[in-house]
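K.L.:
Got a predicted structure here, sequence first:
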Amino acid sequence: MQTTGTDVHTLVDNLSTMALKVLITGHVDLFMQAVGPALGPDAANAHACRIYVVDGPPGSREAITAACHQAVGSQALVTPCTIRPNYTIVVALLNGEAAVSNGAWDHIGTHLKNVIADRPDSHLGGSGIVSLNDAHQACYDAETALRIARRSPARAALHTADIRLAAILDSRADQWAADLLHPILQLPDGKRELLMETARVALAHTQAEAARLLNTSRPRVTDRLRQVDAMLDLDLTLPRDRAVLGLALEVHARPSVDVPLLQVGLSTILATEPVHAWTGAFLAQLEADGRPLRRTLITWFRSSCHIADTAAALGLKPAAIRDHLRAAQTLLSRHLIGSTPDSSAPVNMGGPHGVFMALAITGDVAVTAWPIPAGWRLRTVSRPAASHLGAS
C-alpha cells in the first residue's frame, strides 16, 4: 500500500495530538519517554514547559500548522487542537540551561512570532513557564494570553500573573460596560473624562491619595464620586459596586470590537472557563505567604473594607490585618490599603476591585445580585423579568 505525504502529515498530527493529551492528563513520565527523545538532547532533561496557541481565520489551520512545523523543526511539539478548529498548539520543553524569565519570549516563541508576522489575521498566545505537571493549567493560560493578543497591535502576548480580569472577558463584556456607563458616556467630552478619570483613580486609592494624584481637593473628589453614584445608580460605599464600576471602566478602556447589541448580565459574562482559570491562578499567588491571607481578604470585604471590623471578626489586632493586607497587596500587585503613592505607578497597579471580583467568582464573597446597568433601563427594548436577578 502506497503512503502519500498527506497521510504521513496526518499520522504525525494524530501522534502529536495523542502526546499532548498524555501530557495534560498528568502522565509526564510517559510523555517524556515517548516524545522527549524526538525533541532533541536538551528536552531529555526538561522539567518545565511553555505552551503556545496560534489561531487564524477559518480554513487556515493546516497552513499555519505546517508553518509552525517548519519554524520550530524538532525543537517543540506541534499539534492541531482537537477542541478549537482554528487553533494550533505548540509545546516547548525548557530545561535549566534554557531558562528565560516568565515575561520574556524563548526561542520557540520568537520563531512562532515570525510565523504570524505575515499573517495579519493570526494571533499568538503563550503561557508562563510552568512545571510539566502543570501543563493543563498552561493550556488555559495560553488561551488567556491569546485573548490579549487579539486586542494587541503586536498580535502576540505571554501570560503573566498581572493579567487583569477585564482583559480576558469575551466581547459581550464591551456592551455590558457601555450599558453600565451609559449616563456618563453621554456627557460632553470634558465632563465625561473628568468623572471617569476621578472614578478610576479613586477606586484604586483613598480619597486623600486620589486628590493628590488628581491635583485637586478631597471635597471635589467626593463631589465627583457622588455624581457618579447618582448617575449610575450605584453605592460606591459598597465593595460590590466599587468592584463593578472598576471592572466596567477597565473593559471600556480596552480596544473595542464590533459586537451585536446584546443584553447579557455580568454573572453570565463571568461564568466562562477562562475566567475561572484566571481566578484560580490569580488567588493561588496568596499561597506564597504561609499566613491565611485569603481568609483575611474575605473577611475584609465582608466587613466593607473596615480594618477594625475585620480585626474584631478574626480576633486579631488591626495591625495584623494591615500586615496581611500589605502582604496580599504585594503578592497580587493590587493596591489594597493606603500608602504614599508616587505620581504614576500605584495608579497602574489597580485597586481592590479585581480582588473582590475574584473572590466573588469563587463564591468566597457572596453576591446575591449584580447592579443593573443604567443603559438597560433606558433602552426601548424590553428586558425579560428574570434578568433582574438570575441573569444579572
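P.N.:
Sure thing, it's come through.

K.L.:
Give the ranges of residues in the stretch 151-300 of the chain that sit below the confidence cut-off.
P.N.:
Of all residues in the stretch 151-300 of the chain, those with pLDDT under 70 make up the ranges 160-162, 255-261.

K.L.:
Quick one, grab the pLDDT at T362.
P.N.:
With respect to pLDDT, T362 has a value of 95.

K.L.:
if I look at it, how far off is L286?
P.N.:
Between T362 and L286 the computed distance is 12 Å (C-beta to C-beta, to the nearest Å). Bear in mind the C-beta positions are built from the backbone N, C-alpha and C, glycine included.

K.L.:
higher neighbour count, these two?
P.N.:
Using other C-beta atoms under 10 Å, the more surrounded residue of T362 and L286 is L286, with 20 against 15.

K.L.:
Would you confirm that that one contacts L293?
P.N.:
Yes: proximity of L286 to L293 meets the contact threshold set by C-beta atoms under 8 Å, at 4.6 Å.

K.L.:
residues shared between the contacts of those two?
P.N.:
Common contacts of L286 and L293 (C-beta atoms under 8 Å, 6 or more residues apart in numbering): 328, 331.

K.L.:
Would you map out the domains in the chain?
P.N.:
Domains of the chain are assigned by automatic domain parsing as 5-160, 172-388.

K.L.:
And those: which comes nearest A166?
P.N.:
With C-beta to C-beta, the closest approach to A166 among the domains of the chain belongs to domain 172-388: 3.6 Å.

K.L.:
Now find how far off-centre that closest one is within its chain.
P.N.:
15 Å (C-alpha atoms, centre = their mean, to the nearest Å).

K.L.:
mind listing what's buried in stretch 37-50?
P.N.:
39, 43, 46, 48-50 (16 or more other C-beta atoms under 10 Å).

K.L.:
Please read the previous query as pertaining to stretch 140-160.
P.N.:
Along stretch 140-160, these residues count as buried under the neighbour rule (16+ other C-beta under 10 Å): 140-149, 152, 155-159.

K.L.:
in the stretch 101-250 of the chain, which spans are strands?
P.N.:
123-126, 130-131, 156-158 (DSSP state E, counting those that start in this stretch).

K.L.:
Direction included, what does the shortest one pair against?
P.N.:
Strand 130-131 has the following strand partners under DSSP bridges: strand 48-55 (antiparallel).

K.L.:
Could you list the buried residues of the following helix or strand past the partner strand?
P.N.:
Note on strand 48-55: by DSSP states H and E, the next helix or strand toward the C-terminus is helix 61-72. For helix 61-72, the neighbour count (16+ other C-beta under 10 Å) marks 61, 64-65, 67-69, 71-72 as buried.

K.L.:
name the helices or strands packed onto helix 61-72?
P.N.:
strand 77-80, strand 87-94, helix 107-117 (3 or more C-beta pairs under 8 Å, 6 or more residues apart in numbering; DSSP states H and E).

K.L.:
Repeat the analysis, applying 10 Å as the threshold.
P.N.:
Helix 61-72 is packed against helix 5-24, strand 48-55, strand 77-80, strand 87-94, helix 107-117, with contacts defined by 3 or more C-beta pairs under 10 Å, 6 or more residues apart in numbering; DSSP states H and E.

K.L.:
which other residues reach that helix?
P.N.:
Residues from elsewhere that reach helix 61-72, judged by C-beta atoms under 10 Å, 6 or more residues apart in numbering: 9, 12-13, 16, 39, 52, 54-57, 60, 76, 78-81, 84-90, 92, 107-116, 118-119, 122, 124.

K.L.:
List buried residues within those residues.
P.N.:
Applying 16+ other C-beta under 10 Å to those flags 13, 16, 39, 52, 54-56, 60, 76, 78-81, 86-90, 92, 108-109, 111-113, 115-116, 119, 122, 124 as buried.

K.L.:
Now flag whichever of the buried residues of helix 61-72 is closest to D189.
P.N.:
I64 (42.4 Å).

K.L.:
I figured A253 was touching E193, is that so?
P.N.:
No: applying C-beta atoms under 10 Å, one finds A253 not in contact with E193, separated by 11.8 Å.

K.L.:
what sits in contact with each of these two?
P.N.:
In contact with both A253 and E193: no residue, using C-beta under 10 Å, 6+ apart.

K.L.:
how close does I83 sit to E273?
P.N.:
11 Å.

K.L.:
same thing with A313?
P.N.:
A313 is 33 Å from E273, by C-beta to C-beta.

K.L.:
Please identify every residue contacting each of T362 and L286.
P.N.:
With C-beta under 10 Å, 6+ apart, T362 and L286 have common neighbours R294.

K.L.:
And the buried residues of stretch 37-50, which is closest to R200?
P.N.:
R50 (33.2 Å).

K.L.:
Could you report the pLDDT at that closest one?
P.N.:
90.

K.L.:
Looks like it contacts I108 (just checking).
P.N.:
Yes: look at R50 against I108 with C-beta under 10 Å: they come within range, at 7.3 Å.
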